[in-house]
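Undergrad: Predicted model and sequence below, questions to follow.
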Amino acid sequence: MNSVDKIFAPALDLDNRLADALTWEHGGRLWPSSEQQTLTCCRVVDETHDIKSFEFRTADGLPVRFEPGQFMTVSASVNGQSVERCYTISSPPTRPFLVSITVKRVPGGTMSNWLHDNMKPGRELRAYGPSGTFTPTAAPATKSLYLSAGSGVTPLMSMTRASIDLGLNRDVIFIHSARTPADIVFREELSRLAKLSPRLRVFFVCEGVGDEADWDGPIGRLSLQLLSQWAPDYLEREVFTCGPAGYMNAVRGLLLEGGHDPARYHQESFDIGAGVAPEPAPAVKEADGACGTFTVKLSRSAKSFTMSATDTVLSAAKKAGVAVASSCSQGVCGTCKTKLLEGSVDMKHNGGIRDREVQKGFRLLCCSRPTSDLVLEL
Ligand code: FES
């Protein structure tokens, strides 16, 4: 352990200890990602012309326990249809009595438009508990590089706010990309936090100046040259990236080109359509079940259904009328995580479950296909 590590080791531990203290001293409880609660909107903040933050408290007023970088799956009835979407929590866990999500209005975006048009103080929303592995506590580091674009700033904002609240004074370089200066989310707050903490350095790069003719920052996209200028030691940093899939692909390419260790690269995106290719269904094998058909039993409800080996368990459950919480359907968000009590599945996920959860028997139903009869804890 070098001298810098020695200085930061207690601070890294402090993250966990303070999160525990905040939760338990105030009588809070864990809110599992499989459990829905009602949240009440307390405040709506206009962040930019098309991005709002929605702040919520729980119905029982208890604090919410989560890690910076995690997300919630919110659900609402939109035009008579039940819609669920994942949003990263932008508030820090150090302020656990409120949780906020920061949402960009997207053309044709069912949930984002509904939230922008309908969510007001006093209105309620159902949400599943916090989930996700895109957190600095999963990859502790003494030096970090946060890279975001657009509303991808939200998980990194939660991490930054938490670090400042805890007085950790972490060595963080935060580079945010935006279309124009007017599109920079949390611009003033990030600049203010950087003044508070000399070890937090914040940079913005914009594709164009828009209406801000006196913008004196760089114009264009993040390049290896800019990265080397702002974070000359980027090879030594743990990198956390969040943004649209195209942005993250470009960033990943830049870092690889520059020689950054891919094992120290972490990314998060719910821009799933462009970013994560669904796994093709495997060819049907002659399995134990009749012609690749298996039986799935549910231990809690005592229901059962049969399904094809080519179908995902989530899709088969829905066809059988079984309500299963889900959101991305791509093995990313973790919402459909369920304990497999008996049997085996072929799971091809995209980061929505941790190895230790798999070892404990959990599986993501949206990306799991049966290879035997199953019993699920549902
Ligand atoms: Fe997102 Fe299954 S629904 S991981």
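TA: Structure received. Numbers count the residues shown, from 1 in each chain.

Undergrad: what's near enough to touch F66?
TA: F66 makes contacts with 31, 89, 93, 96, 99, 129-130, as judged by Cβ atoms under 8 Å, 6 or more residues apart in numbering. Bear in mind the C-beta positions are built from the backbone N, C-alpha and C, glycine included.

Undergrad: who touches stretch 179-199?
TA: Under Cβ under 8 Å, 6+ apart, the answer for stretch 179-199 is 47-49, 51, 102, 150-151, 153-154, 157, 160-161, 163-164, 169-172, 174, 176, 178, 200-202, 204, 206-212, 215, 217.

Undergrad: I'd like the average pLDDT over it.
TA: Average pLDDT, stretch 179-199: 95.

Undergrad: Give me the distance between the two termini of it.
TA: Using Cα to Cα, to the nearest Å, the span of stretch 179-199 from its first residue to its last is 27 Å.

Undergrad: Buried residues in that stretch, which are they?
TA: Within stretch 179-199, the residues scored as buried using 16 or more other Cβ atoms under 10 Å are 180-187, 190, 193-194, 197.

Undergrad: ok, which of those residues also contact the ligand?
TA: Checked against the ligand using Cβ under 6 Å from any ligand atom, those yield no neighbours at all.

Undergrad: Tabulate these (JSON lines), appending secondary structure.
TA: JSON lines is the format used below for the buried residues of stretch 179-199 (DSSP: H, G, I helix; E, B strand; the rest coil):
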{"residue": "T180", "secondary structure": "coil"}
{"residue": "P181", "secondary structure": "helix"}
{"residue": "A182", "secondary structure": "helix"}
{"residue": "D183", "secondary structure": "helix"}
{"residue": "I184", "secondary structure": "coil"}
{"residue": "V185", "secondary structure": "coil"}
{"residue": "F186", "secondary structure": "coil"}
{"residue": "R187", "secondary structure": "helix"}
{"residue": "L190", "secondary structure": "helix"}
{"residue": "L193", "secondary structure": "helix"}
{"residue": "A194", "secondary structure": "helix"}
{"residue": "S197", "secondary structure": "coil"}
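
Undergrad: residues contacting the closest residue to E67 other than its chain neighbours?
TA: Spatial nearest neighbour of E67, excluding adjacent residues (Cβ to Cβ, 6 or more residues apart in numbering): T135 at 4.2 Å. T135 makes contact with 67-70, 159, according to Cβ under 8 Å, 6+ apart.

Undergrad: So which of these is the closest to S372?
TA: Nearest to S372, judged by Cβ to Cβ, of the contacts of T135 is Q70 at 32.7 Å.
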